[in-house]
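**Q** With the sequence up front, the predicted model follows.
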Protein chains: 2
Amino acid sequence: MGISHARSNKGITSQDVARAAGVSVSTVSRVLNDKDDVAPDTYQKVRGVIAELGYASSLAAKSLRSRRTGVIGLIMPDLEDPFRIQAMKGIHQAIVALDYDLIAFTSGSIKKHSKAEREQHYVSLLNGSLIVVTPAATSFPAAAPRVAIDPNSQCPDCLAVTATNHVGALTAMEYLINLGHRRIGFIGGRPDLLCAQQRLQGYETALRQAGIAPDPDLITIGDFSRTTGRDCAQRLLSLAEPPTAIIAANDQSAIGAIEAARAAGRRVPDDMSVVGFDNIPEVAYYDPALTTVDQFIVKMGYVATEMLIRLIQGERVENNLYEMPTQLVVRDSCRALKGGD
Amino acid sequence: MGISHARSNKGITSQDVARAAGVSVSTVSRVLNDKDDVAPDTYQKVRGVIAELGYASSLAAKSLRSRRTGVIGLIMPDLEDPFRIQAMKGIHQAIVALDYDLIAFTSGSIKKHSKAEREQHYVSLLNGSLIVVTPAATSFPAAAPRVAIDPNSQCPDCLAVTATNHVGALTAMEYLINLGHRRIGFIGGRPDLLCAQQRLQGYETALRQAGIAPDPDLITIGDFSRTTGRDCAQRLLSLAEPPTAIIAANDQSAIGAIEAARAAGRRVPDDMSVVGFDNIPEVAYYDPALTTVDQFIVKMGYVATEMLIRLIQGERVENNLYEMPTQLVVRDSCRALKGGD
DNA sequence: CTGTTAGCGCCTTCAC
DNA sequence: GTGAAGGCGCTAACAG
């Protein structure tokens, strides 16, 4: 005996409520939206019936009529990436805190289309409603209020929240340099992404400030993944004069780098220091606990949502770019350079 | 100069498309839904106009009329819990793979209501559409096709996917017993949850099978959190005759237990073995890497979604309970008991 | 094959 | 204060 679905509770509409309460649908509507001009006892009665029948108004119908939903859409291609999951937590927190309604995200049938199409589809899917984008592109005529988290390019007139990538990398480098390191390898992220570029620039700036001549061999390019992190580190370690420390453009590459070091018989932090970027939760548990720069991703999600909601409610948002301060989190993956050159 | 939202793309409807293509709205609708009986060139023309105008149909209107959406709702109270995040990954994967449309989850304004109300609200929000629930209660008249992941109680006529909790705990215990452990502490999860009960039963069964007399002092009850894991372990360790191994009802408590052991000056695995349950990603990185029983949470999410979609499409689903096999993942948190009693 | 006609459930004037 | 009527954008009969 299998289960199939019997459409129960099928259509309990405002009509039903109206009938049961002995009023008209418009009155029910008024009660539903807490309009001012309803007689107290009418109000009570209708509320009673609503509760009794377990009525809940249909989002579809409502938003069809009123041209807006309380729905916040989320465009997020990939649920594997810890960064995005963190951001989502923040978004969720904000939605709860700000008493907003719902968050929706998609994939599936839209996957073959371009990002632009996808977003468009998305907007109308939710009835002209609002969107938080996370990943890459964000540059085509805005079809809806929109704020981007860590967009890959400057979008002058589009709301965004990013980390202070340059400063973050710079700080991490200063830490390493203070520890006595001079040959510091860099494992970059996808060069098409702004944040990766900025982190690289932070690396270079730090070198310049410390009067260390940059060595192109020390700069490798990955794609933010653990595997490329491993590959890059391997290349770095097989250099004639290998680095004594590595800074990676994100935590996953940093983990990859540690794995590579271990595979090459070097221990972290004793034989080599490694610092990451992001501070995703898992790296606090890693052995060794990873020193990294925290960019408060959860908070980025929260702030983005706040901005979006403000935008939706018609407030004029002044700062269209929120830069989240970063902070170095010192754990166990770095050591002062002893002896050596 | 701040940004405010100019409602662009405001109302490009099927009417517009129809007009531009010189056909009627119903034809547009037919094209949109890839109905069979449309003349090839009419089809092409309409498709062309659709692309040109960047038209996308309104979910609201569509679902209002057709009484169903391609939306899968997800009821998930908490985004902090790694278990749920894992499940969500699986759901997302399934949605992508099965070319489904959208997944939505909520919180916010509904938070003050009961779970029943919440779900109800939810159903009508999505226009009678479909729901995957994750957390606790699942027992009131189903208002929509629904499948539960790891529900807290047997729901005879409701679709569900669970792990083989009993067998899982049993297997872990056998492993520990084979390692020579005789005094094995148990850190339970919320006793109101079925999965916690089953794991406890697995523990007890293993003891019985091995002919070890159960000791009530060795059984502690937490709530699946890291902190209670720590507390329980602490209590266990301060026993006159403390356990040589601990099995925790989930990974977070296991981590807590390791922390407690460390705080008490005992090293894991050398002085005490610990095994967890769930195999959430972070514990692979933990120091020591946690031995745990994998319940393939991601796959549970995937399977649940498959079941749901099958249900939606009117297929009769035979097995209304899918039991995901579990598997012991041996890592570094356990050691054979040496010497001792 | 395609157009016409009705609503889906709700909100919003506009009368009373 | 409340009811009646019209329409949001779309799909589902029914005609042609």
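**A** Everything's here; your move. These figures come from a predicted structure and were not determined experimentally.

**Q** and the closest residue to DNA strand D within the stretch 51-200 of chain A, which of the three is it?
**A** Using C-beta to the nearest atom of the strand, A:R65 is the residue of the stretch 51-200 of chain A that sits closest to DNA strand D, at 3.6 Å. (Glycine included, C-beta is placed from N, CA and C.) Using DSSP: H, G, I helix; E, B strand; the rest coil, the structure places A:R65 in helix.

**Q** Now do the same contact list for the nearest residue to A:P269 once chain neighbours are set aside.
**A** Distances taken as C-beta to C-beta, 6 or more residues apart in numbering or on different chains place A:R335 nearest to A:P269, at 4.2 Å, with adjacent residues excluded. Contact analysis of A:R335 by C-beta atoms under 8 Å, 6 or more residues apart in numbering or on different chains lists A:179, A:269-270, A:273.

**Q** if we go to 7 Å?
**A** Shown in contact with A:R335 (C-beta atoms under 7 Å, 6 or more residues apart in numbering or on different chains): A:269-270, A:273.

**Q** and the end-to-end length of stretch A:59-77?
**A** This stretch, stretch A:59-77, spans 25 Å end to end (C-alpha to C-alpha, to the nearest Å).

**Q** Run the chain-centre distance for that stretch.
**A** From the chain centre to the centre of stretch A:59-77 is a distance of 21 Å (C-alpha atoms, centre = their mean, to the nearest Å).

**Q** quick one on the thing from earlier: for the residue nearest to A:P269, report the pLDDT, please.
**A** Per-residue pLDDT puts A:R335 at 97.

**Q** Name the member of the contacts of A:R335 with the most neighbours.
**A** Neighbour counts for those, by other C-beta atoms under 10 Å in any protein chain shown, peak at A:S273, which reaches 25 neighbours.

**Q** Quick check: it vs DNA strand C, distance?
**A** 60 Å (C-beta to the nearest atom of the strand, to the nearest Å).

**Q** Could you verify my assumption that that residue touches A:D332?
**A** No - look at A:S273 against A:D332 with C-beta atoms under 7 Å: they stay out of range, at 10.1 Å.

**Q** before we move on, back to that, for the residue of the stretch 51-200 of chain A closest to DNA strand D, grab the count of nearby residues.
**A** 12.

**Q** Would you agree the residue nearest to A:P269 falls within a helix?
**A** No - under three-state DSSP, A:R335 falls outside any helix and is assigned coil.

**Q** In contact with the residue in the stretch 151-300 of chain A positioned nearest to chain B, which residues?
**A** Closest residue of the stretch 151-300 of chain A to chain B, C-beta to the nearest C-beta: A:D287 (3.2 Å). Contacts for A:D287 were tallied using C-beta under 7 Å, 6+ apart; they are B:D287.

**Q** and the next element down the chain from the helix or strand containing A:I72?
**A** Per DSSP states H and E: A:I72 is located in strand A:71-75. Sequence order places helix A:82-97 as the next helix or strand after strand A:71-75, per DSSP H and E.

**Q** what comes up buried for that next one?
**A** A:82-96 (16 or more other C-beta atoms under 10 Å in any protein chain shown).

**Q** Does that helix reach chain B?
**A** Yes - interface with chain B: helix A:82-97 contributes A:85, A:88-89, A:92, A:95-96 (C-beta under 7 Å from any C-beta of the partner chain).

**Q** From DNA strand C, how far out is A:F186?
**A** Look at A:F186 and DNA strand C: by C-beta to the nearest atom of the strand, they are 56 Å apart.

**Q** ditto for A:A163
**A** Counting by C-beta to the nearest atom of the strand, the gap from A:A163 to DNA strand C is 40 Å.

**Q** and the closest residue to that residue other than its chain neighbours, how many neighbours?
**A** Residue nearest to A:A163 in three dimensions, not counting chain neighbours: A:Q295, with 3.7 Å by C-beta to C-beta, 6+ apart. A:Q295 has 26 neighbouring residues, counting by other C-beta under 10 Å.

**Q** Over to A:E315?
**A** 13.

**Q** Nearest residue to A:R190 in space, please, no chain neighbours.
**A** A:R190 sits nearest to A:D223 (C-beta to C-beta, 6+ apart), 5.0 Å away.

**Q** give me the element that neighbour is part of.
**A** Short version, using DSSP H and E: A:D223 is in no helix or strand.

**Q** shouldn't it be in contact with A:G188?
**A** No - A:D223 is beyond contact range of A:G188, at 8.9 Å (criterion: C-beta under 7 Å).

**Q** picking up where we left off before, may I have the strands that pair with the strand holding A:I72, each with its orientation?
**A** Strand A:71-75 has these partner strands in its sheet, going by DSSP bridges: strand A:102-106 (parallel), strand A:130-133 (parallel).

**Q** Between the ones you listed, which has the poorest mean confidence score?
**A** strand A:130-133 (a mean of 64).

**Q** got any ranges where chain A has weak pLDDT?
**A** A:1-10, A:106-143, A:154-157, A:339-341 (pLDDT under 70).

**Q** if we can go back for a sec, show me which of A:D223 and A:G188 is the more surrounded one.
**A** A:G188 (24 against 19).

**Q** bridging residues for that one?
**A** Bridge pairing for A:G188 - DSSP bridges - gives A:I221.

**Q** ok, now which ones touch the residue most central in space within chain A?
**A** By C-alpha atoms, centre = their mean, chain A has its centre lying nearest to A:A87, at 3.2 Å. A:A87 sits next to A:134, A:149, A:297, A:300-301 when contact means C-beta under 7 Å, 6+ apart.

**Q** so of these, which ones are in helices?
**A** A:297, A:300-301 (DSSP state H).

**Q** now, among those, which is nearest to A:A196?
**A** Of all the ones in helices among the contacts of A:A87, A:I297 has the smallest distance to A:A196: 15.7 Å, by C-beta to C-beta.

**Q** Please list the residues of chain A that sit near DNA strand C.
**A** A:11, A:13-15, A:25-26, A:28-30, A:32-33, A:55, A:57-58, A:61-62, A:64-66 (C-beta under 7 Å from any atom of the strand).

**Q** From A:L193, how far out is the residue nearest to the centre of chain A?
**A** 15 Å (C-beta to C-beta, to the nearest Å).

**Q** Over to A:D36?
**A** For A:D36 relative to A:L193 (C-beta to C-beta), the value is 51 Å.

**Q** A:P40: neighbouring residues, count only.
**A** 7.

**Q** Please disregard the earlier target; I meant A:E318.
**A** Residues near A:E318, counting by other C-beta under 10 Å, number 8.

**Q** How about A:S225?
**A** Other residues close to A:S225 by other C-beta under 10 Å number 16.

**Q** which residue packs closest to the residue nearest to the centre of chain A, ignoring adjacent ones?
**A** A:G301 (3.9 Å).

**Q** surely the one you found meets A:R84?
**A** No - with contacts counted by C-beta under 7 Å, A:G301 stays clear of A:R84, the gap being 9.1 Å.

**Q** Would you mind measuring from the nearest residue to A:G168 once chain neighbours are set aside to A:A163?
**A** Of all residues not flanking A:G168 in the chain, A:T326 sits nearest, at 3.4 Å (C-beta to C-beta, 6+ apart). Going from A:T326 to A:A163 by C-beta to C-beta gives 5 Å.
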